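**Q** Here's my sequence, what's the structure:
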Amino acid sequence: MHAPLEFDLAADADATRWCKRAQAVQVAFAPAAGTLDTLEGPVRYQGGDALMTGAAGDRWPVRRTVFDARYTPADGTVAGSDGVYVKLPLPVLARRVDSTFAVRLADGQVLQGQPGDWLVQYGPGDQAIVADAIFRATYGAA
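**A** Got it, this is the predicted structure:
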């Protein structure tokens, strides 16, 4: 395993601006704390956090405060209940990484990236690893 990256893409000459497209995702709110197996490894979550399922069947948790700021319920879903939500468009910085890598999240958890995955920064201290096919399907040029 590689040492986890500590990074700020705002200072990275290879990072470019992208925008997360508004897309519908299936959401279930966690009844209690637990761990979710993601494409990048196991990620802990707290009770009340949003457990997301993307179009490709990929899964990931989102802290409730972040979820509430970045998602809106789709028609037929009552805010705060399980159902379909739409991510609001969100500008990000991203760069494709061509080697195996690891990223340490703000809470100390470590995600594992594979060659070709994207390193995405939503804001200071808020980052993710996104598989290339998923990145290309869910992000567009800003």
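**Q** alpha carbons only for contacts and neighbour counts from here, please
**A** Noted.
**Q** Any idea what residue 25 is bridged to?
**A** Beta-bridge partners of residue 25, counted by DSSP bridges, are residue 85.
**Q** Just list what the helix or strand containing residue 60 packs against, helices and strands only.
**A** Assigned by DSSP states H and E, residue 60 belongs to strand 59-62. In terms of contacts (3 or more C-alpha pairs under 8 Å, 6 or more residues apart in numbering; DSSP states H and E), strand 59-62 is packed against strand 34-38, strand 41-45, strand 50-53.
**Q** mean confidence for that strand?
**A** Computed over strand 59-62, the mean pLDDT rounds to 94.
**Q** Stretch 75-89 now?
**A** The model assigns stretch 75-89 a mean pLDDT of 94.
**Q** Now that stretch - C-alpha only, CSV.
**A** What follows is stretch 75-89 as a C-alpha-only set of coordinates in CSV (Å, rounded to 0.1, in the frame of the first residue of the first chain):
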residue,chain,number,x,y,z
ASP,A,75,-40.5,14.2,-7.2
GLY,A,76,-42.2,11.6,-5.0
THR,A,77,-39.6,11.6,-2.3
VAL,A,78,-40.2,13.3,1.0
ALA,A,79,-37.2,15.2,2.3
GLY,A,80,-35.4,13.2,5.0
SER,A,81,-36.9,9.9,4.0
ASP,A,82,-35.4,7.1,2.0
GLY,A,83,-35.9,7.5,-1.7
VAL,A,84,-34.5,9.2,-4.8
TYR,A,85,-32.5,12.4,-4.5
VAL,A,86,-30.8,14.6,-7.0
LYS,A,87,-27.3,16.1,-6.5
LEU,A,88,-27.2,19.8,-7.0
PRO,A,89,-24.5,20.8,-9.6
